[in-house]
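> Please work out how this folds:
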Amino acid sequence: MTMGLSTRGGGAALLAAGLLAVLAPVAVRAQTAPLENLDHFPRTTLTIEAAGHPYRFKVWIANTPSRQVQGLMFVRDLPADQGMIFPMHPARVAQFWMANTYIPLDMLFVAPGGRIEKITANAKPFSLKTISSGAPVEAVIEIRGGEAKKLGITVGSLARWVRGKSK
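Residues are numbered from 1 along each chain as shown. Below you'll find the predicted structure:
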């Protein structure tokens, strides 16, 4: 949505300054918040059914607000069979970005019932661009960038895991 911006005068500069003012506190918070060792996150096995084949991933569960903010920030390597799941209770529109994330990620947006509704492939490391589910989801799954395409995971594939309440 545009808000009557003009490229004449200082309109673009004002927009840029406004965006920096809005994003800077979030970026600083993301960088300075104490990180929790991923070994302390709960884990589960996630199965994605794609083209009749079950693919299993050992995933960390980002089941608290602070774990969801942290996500996979500062992780420098993610094996092909690992990832992270962000449960959403209740289902809601999810907004993600790649601040402080060193590796490309595939983001799988899971609708209530387990159907993958949207895939953002190879999200760019360090990007501050918002990546939205666009519709309410019950979870977001992050796996190594390019894995969804490699395995044939598409919109319509089904994701299953042990669901529990977020703490």
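> who's in contact with the helix or strand that contains T47?
Using DSSP states H and E, T47 sits in strand 43-50. Applying CB atoms under 8 Å, 6 or more residues apart in numbering, the contact partners of strand 43-50 are 54-61, 83, 85, 108, 116, 141, 151-154, 157-162. (Each C-beta comes from the backbone N, C-alpha and C, glycine too.)
> Buried among those? Need that as a selection in ChimeraX.
A single ChimeraX command selects the buried members of the contacts of strand 43-50 (16 or more other CB atoms under 10 Å):
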select :55,57,59,60,61,83,85,108,116,141,151,153,157,159,161
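> Narrow the contacts of strand 43-50 to those in helices?
Judged by DSSP state H, the subset of the contacts of strand 43-50 located in helices is L151.
> What about the contacts of strand 43-50, which are in strands?
Secondary structure from DSSP state E places 54-61, 83, 85, 108, 116, 141, 158-160 of the contacts of strand 43-50 in strands.
> Quick check: of those residues, which lies closest to I131?
L108 (11.6 Å; CB to CB).
> one step back: give me the mean pLDDT for the strand holding T47.
Throughout strand 43-50, pLDDT has a mean value of 97.
> Next, the buried residues of it.
By neighbour count on 16+ other CB under 10 Å, the buried set for strand 43-50 is L46, I48, E49, A50.
> how about these in TSV, adding distance to A94?
Listed next are those as TSV, based on distance: CB to CB, whole Å:
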residue	distance to A94
L46	17
I48	18
E49	22
A50	21
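> Quick check on G145: phi, psi?
When read as degrees, to the nearest 10, the backbone of G145 gives phi -60, psi 130.
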